[in-house]
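Undergrad: Here is a sequence together with a model predicted from it:
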Amino acid sequence: MASAYRNFAPVDIMTMPKKQLKKLWLRFAFPLTDGKPYCPKCGSLRCTKIKTRKQYNCTDCGRRYSNTSGTIFAYRKLTIRKILFAVAKFQSQQFGLSAGDFAEEVGISYRTAWVLAHKLRQLMAFARRNDKITEDVAVDGAYFGGVFRRQNIRKGKDAQKKDRRLKRYRDEKRKKCVVAIKHRSSNTAILAKEFESESAAVRWVQSKVPMNATVYTDQGPWNDIGITHEHRTINHRYAFKLGDCDTNTVESFFSSLRRQEKIHACISRNYFQAYVDEQVWRRSACIYATSFDRFSKLAECIGGFVPDMRGYWQHGGAA
């Protein structure tokens, strides 16, 4: 909300001069040399520039490459300006952006917007890959999906009101359980992963939380955490906060995830983890000092990993 934070907006990309835009892209595409092009195959800095094709020819290995070679936007058809605008627009939203709205904002087709959004979600996961738990945490799990549709005609027994949250009314094949670990005093680190159930995530929690940290949970299947860590629980049937014992910080993450689910209207269960990683980025990116820092930390990773979706229409997986 502070004016010092608002030093960058997505519209600044569209009005940026060409030389400044090219310099900004080279900084993101070649982060190891602060913008100086290097060969993606051998890493050599020695090259000759091919002006007619806007490419470089490596002097050592003879490979020809461009400013997008080795990045997640290789083989692109969008302009550099539109790509950077798409990155800035997608990451600036608080809870998420649906593919339809994303396509309208950037001026591309729905199919291109859907693929580009998933690339950026993988980029968000890669940008937060080094997050580590360093303090006391709150741990909890939440279930998404798997609820049967209501019947059109209800007679007799079907006329009785059914609590759709109960386990017997859920579709076990479509139900997804997300377990999250979150710092209790800050948003500096959030870890969230998809599991079959809460009990299946106990060992994962034990491996991610340091031994000297205290784990706060509800009275679920978390008793084994007390074997390796100091474990405090709260009974939600009685209260949601008693003294300093609560899990409200991690519950706020799940509320954001449910709001994101409403924005997209329908989330494919095959890509559910990608949407979880997106929300982890959005909740933890507030640690950056300015809006340009937030944009830069995400854009600097475009040349650092190989996404699962590759090629123009992304039919091939990563090697």
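TA: Ah, there it is.

Undergrad: Nearest residue to Gly100 in space, ignoring adjacent ones along the chain?
TA: Of all residues not flanking Gly100 in the chain, Tyr110 sits nearest, at 6.2 Å (C-beta to C-beta, 6 or more residues apart in numbering). (Each C-beta comes from the backbone N, C-alpha and C, glycine too.)

Undergrad: Next, count neighbours for the one you found.
TA: 13 (other C-beta atoms under 10 Å).

Undergrad: now the strands for this protein?
TA: 47-50, 55-58, 64-65, 137-144, 176-183, 190-195, 214-218, 230-234, 241-242, 245-246 (DSSP state E).

Undergrad: number of nearby residues for His236?
TA: 15.

Undergrad: can you tell me how far it sits from Ser197?
TA: Distance, His236 to Ser197, by C-beta to C-beta, to the nearest Å: 18 Å.

Undergrad: With Ala103 instead?
TA: Ala103 is 36 Å from Ser197, by C-beta to C-beta.

Undergrad: List the residues that contact Ile108.
TA: By C-beta atoms under 8 Å, 6 or more residues apart in numbering, the residues touching Ile108 are 78, 82, 86, 116.

Undergrad: what do you get if the cut-off is 10 Å, keeping everything else the same?
TA: Going by C-beta atoms under 10 Å, 6 or more residues apart in numbering, Ile108 touches 77-78, 82, 86, 102, 114-116.

Undergrad: List buried residues within the residues you listed.
TA: Neighbour-count burial (16 or more other C-beta atoms under 10 Å) applied to the contacts of Ile108 gives 78, 82, 86, 102, 114-116.

Undergrad: Format these as TSV; extra columns: pLDDT and distance to Pro17.
TA: Converted to TSV, these look like this (pLDDT from 0 to 100; distance: C-beta to C-beta, whole Å):
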residue	pLDDT	distance to Pro17
Leu78	90	19
Lys82	94	16
Ala86	94	19
Phe102	93	26
Trp114	89	31
Val115	88	29
Leu116	90	25
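
Undergrad: ok, now which ones touch Gly303?
TA: If you count contacts by C-beta under 10 Å, 6+ apart, then Gly303 has 28-32, 40, 68-74 around it.

Undergrad: circling back to that earlier point, between the buried ones among the contacts of Ile108, which is nearest Leu21?
TA: Lys82 (10.9 Å; C-beta to C-beta).

Undergrad: I'd say the closest one and Val106 touch.
TA: Yes - the criterion here is C-beta atoms under 10 Å, and Lys82 meets it with Val106 at 6.4 Å.

Undergrad: all helices for this structure, in order.
TA: Per DSSP state H, the chain carries helices over the ranges 11-14, 18-29, 80-92, 99-106, 110-127, 202-208, 248-264, 272-284, 291-299.

Undergrad: Which among the ones you listed is found nearest to Lys176?
TA: helix 272-284 (5.2 Å).

Undergrad: what packs against the closest one?
TA: Using 3 or more C-beta pairs under 10 Å, 6 or more residues apart in numbering; DSSP states H and E as the contact test, the elements touching helix 272-284 are helix 80-92, helix 110-127, strand 137-144, strand 176-183, strand 190-195, helix 248-264, helix 291-299.

Undergrad: can you redo these as JSON lines with distance to Thr59?
TA: JSON lines is the format used below for the helices and strands packed on helix 272-284 (distance: least, C-beta to C-beta, whole Å):
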{"stretch": "helix 80-92", "distance to Thr59": "25"}
{"stretch": "helix 110-127", "distance to Thr59": "31"}
{"stretch": "strand 137-144", "distance to Thr59": "51"}
{"stretch": "strand 176-183", "distance to Thr59": "48"}
{"stretch": "strand 190-195", "distance to Thr59": "44"}
{"stretch": "helix 248-264", "distance to Thr59": "48"}
{"stretch": "helix 291-299", "distance to Thr59": "28"}
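
Undergrad: Which of the ones you listed sits closest to His231?
TA: It is, among the helices and strands packed on helix 272-284 and with distance given as C-beta to C-beta, strand 137-144, at 9.5 Å.

Undergrad: Where does pLDDT dip in the protein?
TA: Along the chain, the parts satisfying pLDDT under 70 run over 146-167, 169-173, 306, 309-319.

Undergrad: Outline the domain layout of it.
TA: Annotated domains of the chain cover 13-70, 137-146+165-283 [automatic domain parsing].

Undergrad: Quick one: those domains as CSV, columns for distance to Phe126 too.
TA: Formatted as CSV, the domains of the chain follow (distance: least, C-beta to C-beta, whole Å):
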stretch, distance to Phe126
domain 13-70, 13
domain 137-146+165-283, 9
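
Undergrad: Tell me the spacing between the residue most central in space within the chain and Leu120.
TA: Centroid check for the chain by C-alpha atoms, centre = their mean gives Glu278 as the closest residue, at 2.2 Å. Separation of Glu278 from Leu120 (C-beta to C-beta): 8 Å.
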